[in-house]
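Novice: Turn this into a structure:
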Amino acid sequence: MKVLPGVFTGFLLTFSALMFFAESASAEGRAQLRFCEDPWAPYTLGEIDSVPEGGIAVELFKELGERLDVDFQLRLLPWKRCLLWAETGDYDGVMLLTRNDERAAYLTFTDSVHEDKNLVWHQADRRFGHSFESFADFKGVRIGVTAGFNYGERFNQAVDEFDLVVEEAPNILSNLRRLDLGRIDVFLVNKPAAEFSMVEFPDLRQRLTYADGPFEALPFYIGLSKASPVIFELERFNQAIAHMRDEGTLERIFSAQPVP
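Specialist: Next up is the predicted model:
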């Protein structure tokens, strides 16, 4: 009997996936999958090189673990290392992120689990000659961004088109402090992340405000490593996500405010 190469390859891949989940099963019979993220409040709380202490994404994975009968091994890593180890297959995926072409080269994305948009944060008493309704309004303004964040292709194109001044800082709170000190003019971040970063600094929050800005809402996904057989579970992930959306579980998880 002649076996078509494509059929044989598909069989091998499926068999490899089954072996992967069998070998990764825990003592309780649940498959174990490794997913990473960096400390990204309120989505993941904790310190680098540790298990996350909590956060929205952690609650999401607890729910998925029950629905998929999977034991997720979650770890907080420096962002670039998390992406690299997902690319190499050392980790099975990334807990929560936005999509761009670079990441799509080594990640398969689930259906979206949430969406949010970046706002334009600035000093509350600062007055600009425009309302940041377009990216052209950022010309001549020092823009703070967080290293490793994806601000979308429209923003990337605007940086080149309008020769925008962009300054990176390692995390959200450091950017908010730079904004407060006048070292940058605006800072780009979504509302939940900014508000959570300032929850223990009410005086700082009173000195800052935000404009809606020209950003569109970006979907958040779970990223599955193309170097891991976990990609064969994409349909099961998407089915669980669809059920959680229909039941209102996703809305409940993402509207919660974790405790710092």
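Novice: nearest spatial neighbour of the residue nearest the centre of the chain, skipping sequence neighbours?
Specialist: In the chain, the residue lying closest to the centroid (Cα atoms, centre = their mean) is Leu97, at 2.4 Å. If the residues on either side of it in the chain are set aside, Leu97 comes closest to Gly223, at 5.5 Å by Cβ to Cβ, 6 or more residues apart in numbering. No exception for glycine: its C-beta is placed from N, CA and C like everyone else's.
Novice: Packing partners of the host helix or strand of the one you found?
Specialist: Secondary structure assignment for Gly223, by DSSP states H and E: strand 218-225. The elements that strand 218-225 packs onto, with contact taken as 3 or more Cβ pairs under 8 Å, 6 or more residues apart in numbering; DSSP states H and E, are helix 79-88, strand 93-97, strand 107-109, strand 114-116, helix 234-247.
Novice: Quick check: buried residues in stretch 146-159?
Specialist: Buried residues in stretch 146-159, counted by 16 or more other Cβ atoms under 10 Å: Thr146, Gly148, Phe149, Tyr151, Gly152, Phe155, Ala158, Val159.
Novice: surely the fourth one meets Phe138?
Specialist: Think Tyr151. No: using Cβ atoms under 8 Å, Tyr151 makes no contact with Phe138, being 11.5 Å away.
Novice: And the residue nearest to Leu97, what's its pLDDT?
Specialist: Gly223 carries a pLDDT score of 98 in this model.
Novice: That one reaches Thr98, doesn't it?
Specialist: No: Gly223 is beyond contact range of Thr98, at 9.6 Å (criterion: Cβ under 8 Å).
Novice: Those two: which has the busier surroundings?
Specialist: The neighbour count for Gly223 versus Thr98, taken as other Cβ atoms under 10 Å, is higher for Gly223 (27 against 18).
Novice: Look up how far Phe201 lies from the residue nearest to Leu97.
Specialist: Here Gly223 is placed at a distance of 31 Å from Phe201 (Cβ to Cβ, to the nearest Å).
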